[in-house]
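Chemist: starting from these lines, generate the structure:
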Amino acid sequence: MTEPQESHFLALVSRMRYIERWALMRSSRPENLSEHALEVAAIAHMLCVIGNVRFGRALSAERAALVSIYHDASEIITGDMPTPVKYHDGQIRDAYKAVEKNAEERLLATLPEDLRPTFEDVFWPVEDAGEEERYLRRLVKAADKISALIKCVDEARSGNAEFSSAERTCRAAVEEMAAELPEVADFVRDFLPSYGATLDELL
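Modeler: Just a heads-up that it's a prediction; the model follows:
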């Protein structure tokens, strides 16, 4: 039996609900990081299921969902860095990556030492990760971009033109991913059109 080790890790993770996304934009409905993580997890899970069922892959859909839950966990400490700022130039992008890694290390340091390696494996891909793991993480990134596109679509359907430029950018990025990842192409065709519809329309 191990000695009691108080850990703040999950209490910190629970604070994702306080991190508002799209900070530079006027939203018709605010979106927090916790909501985003759940949506990315559901989409990434579906992308892996599509890959396994339709394209003969052997991806862990459950692992993709877990990686997705924590994919932006550093923002609990850093807040949401707006994309136009984050990717303005290579120097800023590299500096933000270093800040992001430091924040992740601070979060993981709050775990009991015996549990930490399990979560390090979720936060960071191992250097010699196999093709399956690399592909899975590409699908998680695609799910993240699809989630951003869905937010833009929802805002447009609400009559908010604030997101029109972001929607074009996100849609172009998703289309580029769909050209390389057949799972993304299938998701865009089969699932994306339903987003933004009313409950009566969906049912």
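
Chemist: for residue 129, which non-adjacent residue is closest in space?
Modeler: Nearest non-adjacent residue to residue 129, counting by Cβ to Cβ, 6 or more residues apart in numbering: residue 137, 7.9 Å away. Backbone N, C-alpha and C define where each C-beta goes, glycine included.

Chemist: did I read that right, the one you found in a helix?
Modeler: Yes - with the criterion set as DSSP: H, G, I helix; E, B strand; the rest coil, the secondary structure at residue 137 is a helix.

Chemist: just the pLDDT for it.
Modeler: According to the model's per-residue confidence, residue 137 sits at a pLDDT of 96.

Chemist: over to the one 10 residues further on?
Modeler: In the predicted model, residue 147 carries a pLDDT score of 98.

Chemist: these two touch, right, it and residue 39?
Modeler: Yes - when contacts are counted by Cβ atoms under 8 Å, residue 147 is listed as touching residue 39 (4.8 Å).

Chemist: higher neighbour count, these two?
Modeler: Regarding residue 147 and residue 39, a neighbour count based on other Cβ atoms under 10 Å identifies residue 147 as having more, with 24 against 19.

Chemist: for residue 33, see how far away the more buried one is.
Modeler: Between residue 147 and residue 33 the distance is 11 Å, computed by Cβ to Cβ, to the nearest Å.

Chemist: for stretch 48-57, buried residues please.
Modeler: Neighbour counts over stretch 48-57 (16 or more other Cβ atoms under 10 Å) mark 48, 50, 51, 57 as buried.

Chemist: again with stretch 8-17
Modeler: Taking 16+ other Cβ under 10 Å as the neighbour-count basis, stretch 8-17 is seen to contain the buried residues 9, 13, 16.

Chemist: switch those residues over to a markdown table; also include secondary structure and distance to residue 123.
Modeler: Converted to a markdown table, the buried residues of stretch 8-17 look like this (DSSP: H, G, I helix; E, B strand; the rest coil; distance: Cβ to Cβ, whole Å):
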| residue | secondary structure | distance to residue 123 |
| --- | --- | --- |
| 9 | helix | 11 |
| 13 | helix | 12 |
| 16 | helix | 14 |
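
Chemist: and which of those residues is nearest to residue 111?
Modeler: Closest to residue 111 out of these is residue 9 (4.8 Å), distances taken as Cβ to Cβ.

Chemist: tell me if I'm right that the closest one and residue 109 touch.
Modeler: No - applying Cβ under 8 Å, one finds residue 9 not in contact with residue 109, separated by 9.0 Å.

Chemist: who touches both of those two?
Modeler: In the contact map built from Cβ atoms under 8 Å, 6 or more residues apart in numbering, no residue is linked to both residue 9 and residue 109.

Chemist: lowest-scoring secondary structure element of the chain by mean pLDDT?
Modeler: None of the helices or strands of the chain scores lower by mean pLDDT, DSSP states H and E than helix 83-86, at a mean of 63.

Chemist: ok, then the element right after that helix?
Modeler: If you walk from helix 83-86 toward the C-terminus, the next helix or strand you reach (DSSP states H and E) is helix 90-108.
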